[in-house]
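**Student:** Quick one, fold the following:
(one chain, ligands or ions: 1)
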Amino acid sequence: MELDHHAEELASALGVDKEEVKSDLQNLLQYSVPLDEAKQSVRRKHGGSSSSSDAPPSAKRIADIEPNGGNVSVTVRVLTVGTRSIVYQGESQTIHEGKLADGSGTISYTAWQDFGFEPGDSVTIGNAGVREWDGKPELNIGAASTVAVESEPVETPYDDQIGGDADLIDLQAGDRGRVVETRVLEVESRTIDGRDGETTILSGVLADETGRLPFTDWAPRPDLKEGASLRLSDVYVREFRGVPQVNLSEFTTVEVLDDAVEVSDSAPRLKIGEAVDAGGVFDIELLGNVLEVRDGSGLIERCSDCSRVLQNGQCRQHGDVDGEDDMRVKAILDDGTGTVTAILDRDLTEAVYGGTMEDAMAQAREAMDKEVVADDIADTLVGREYRVRGNLSVDEYGANLEADEFEETDDDPAERAAALLTEVGA
Ligand SMILES: [Zn+2]
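**Tutor:** Presented below is the predicted three-dimensional model:
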């Protein structure tokens, strides 16, 4: 509906066929080109003026910019400049993104060409488009915009953000041009089908004193080794299953640090309800009572091709296959604010079972029933309180916590409740 409206307006302004304009617009929008930019591009194609607004842009403070208020001019301090390449009209194009500030606030921007400004520069940007992203206005600096350097620095309360240095805990999806000093905890190489065919990427886990986050390096660099302490300049952050993920692009620079980056051993503890509401959290600690041990726990068999758990000897994907023995626990954990399914791998399962997989198989043979193992595990876990650390994912199948640690809490819940009451009463 909205697209129809824009197409009609453009078509009548340019005096060309509406369907043709609409198809051009659709084509650009499917590559995530912002609407303003797409309209300008279609105007240029049909020989129209590239100005996207009839009214002259007005000088605005950042706090006064509104998503649908037309083009603006701003005088700002550049906080961050990130560089990224995207595919635009079938061709690779380099864009710059980051944050700007003035005395009234900060705003994200995308620049569709290189205007040459750098973090710390004070500039006046003329005729910038405004688009809405995630409910907030963003500046769109394109071919119709101008950038002039200011000789006097623009005063802002956000000077500490110049350059984009950040701790891992502060990174949020949508951040661009950030700089982190971090240690590589895990790294593995993977082959994926990228936009230029098969390509190798690195993925793993980064850590600093404030937390851990997963990362992907889209242009694998040999310096990303397990244990390496690195300064990564110009990374961007995307959300993956509700968790911020650090991305290294071809433009990211990697500097090996002489001093090891300090890493915290503990994970933040959350209520189950708030963790699930967050939509997924990387490396957290939850505390709760085991309500139930779910079907598919204890001794299981996995497909030798795809590792899926077999049901009656059948893989959902590969049918009748030779199974490989494994052990796991799926335990429903509840703390009064919500529930998650904690998934324990073979090592953790052997620990709660109190024996090896061979022991479990011997017990099952003797009883002529595999379920005795899961029953034993349920007898141990159900009704007791556990501390679980791992990665929480939330999707249409529910909230699952892949456990790295699973321990019975040594403090008595009644005592903790009493302590809490004393605290509240004090
Ligand atoms: Zn399979």
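**Student:** In the helix or strand encompassing I86, which residues are buried?
**Tutor:** Element membership for I86, per DSSP states H and E: strand 82-88. For strand 82-88, the neighbour count (16 or more other CB atoms under 10 Å) marks G82, T83, R84, Y88 as buried. In short, each C-beta sits where N, CA and C put it, glycine included.
**Student:** On the C-terminal side of that strand, identify the next helix or strand.
**Tutor:** Next along from strand 82-88, by DSSP H and E: strand 91-102.
**Student:** what's the angle from that next one to strand 82-88?
**Tutor:** Going by axes from the mean of the first three to the mean of the last three CA atoms, to 10 degrees, strand 91-102 is angled at 140 degrees with respect to strand 82-88.
**Student:** For strand 91-102, which outside residues touch it?
**Tutor:** Outside of strand 91-102, the residues within contact range by CB atoms under 8 Å, 6 or more residues apart in numbering are 61-62, 74-87, 106-112, 114-115, 119, 125, 139, 154, 156, 158, 161, 164, 176-177, 236.
**Student:** ok, now with 7 Å
**Tutor:** 61-62, 74-86, 106-112, 114, 139, 154, 156, 158, 161, 176-177 (CB atoms under 7 Å, 6 or more residues apart in numbering).
**Student:** And for Q40, the neighbour number?
**Tutor:** As a burial measure, Q40 scores 24 neighbours (other CB atoms under 10 Å).
**Student:** Wait, it touches A144, no?
**Tutor:** Yes. Taking contacts as CB atoms under 7 Å, Q40 lies within contact range of A144: 6.4 Å.
**Student:** Where does pLDDT dip in the chain?
**Tutor:** 1, 12-15, 31, 44-56, 241-242, 411-426 (pLDDT under 70).
**Student:** can I assume L25 sits in a helix?
**Tutor:** Yes. Counting by DSSP: H, G, I helix; E, B strand; the rest coil, L25 is located in a helix.
**Student:** My understanding was that it contacts Q40; is that so?
**Tutor:** No. Using CB under 7 Å as the test, L25 is too far from Q40 to be in contact (11.1 Å).
**Student:** just the buried residues of strand 82-88 now: which is nearest L185?
**Tutor:** Closest to L185 out of the buried residues of strand 82-88 is G82 (24.1 Å), distances taken as CB to CB.
**Student:** how close does E91 sit to F115?
**Tutor:** Using CB to CB, to the nearest Å, E91 is found at 20 Å from F115.
**Student:** So between the two, which is more surrounded?
**Tutor:** Neighbour tally, E91 and F115, criterion other CB under 10 Å: the higher count belongs to F115, 18 against 8.
**Student:** ok, so of the buried residues of strand 82-88, who is nearest the ion?
**Tutor:** R84 (37.1 Å; CB to the ion).
**Student:** What segments of the stretch 201-350 of the chain are helices?
**Tutor:** 272-277, 346-353 (DSSP state H, counting those that start in this stretch).
**Student:** how about the residues of the stretch 251-400 of the chain that lie near the ion?
**Tutor:** Applying CB under 5 Å from the ion, one finds that the stretch 251-400 of the chain approaches the ion through C303, D305, C306, R308, C315, Q317, H318.
**Student:** tally of neighbours for the residue lying closest to the fourth one once chain neighbours are set aside?
**Tutor:** Once flanking residues are discounted, R308 sits nearest to C315: 5.4 Å by CB to CB, 6 or more residues apart in numbering. Number of residues near C315 (other CB under 10 Å) recorded here: 20.
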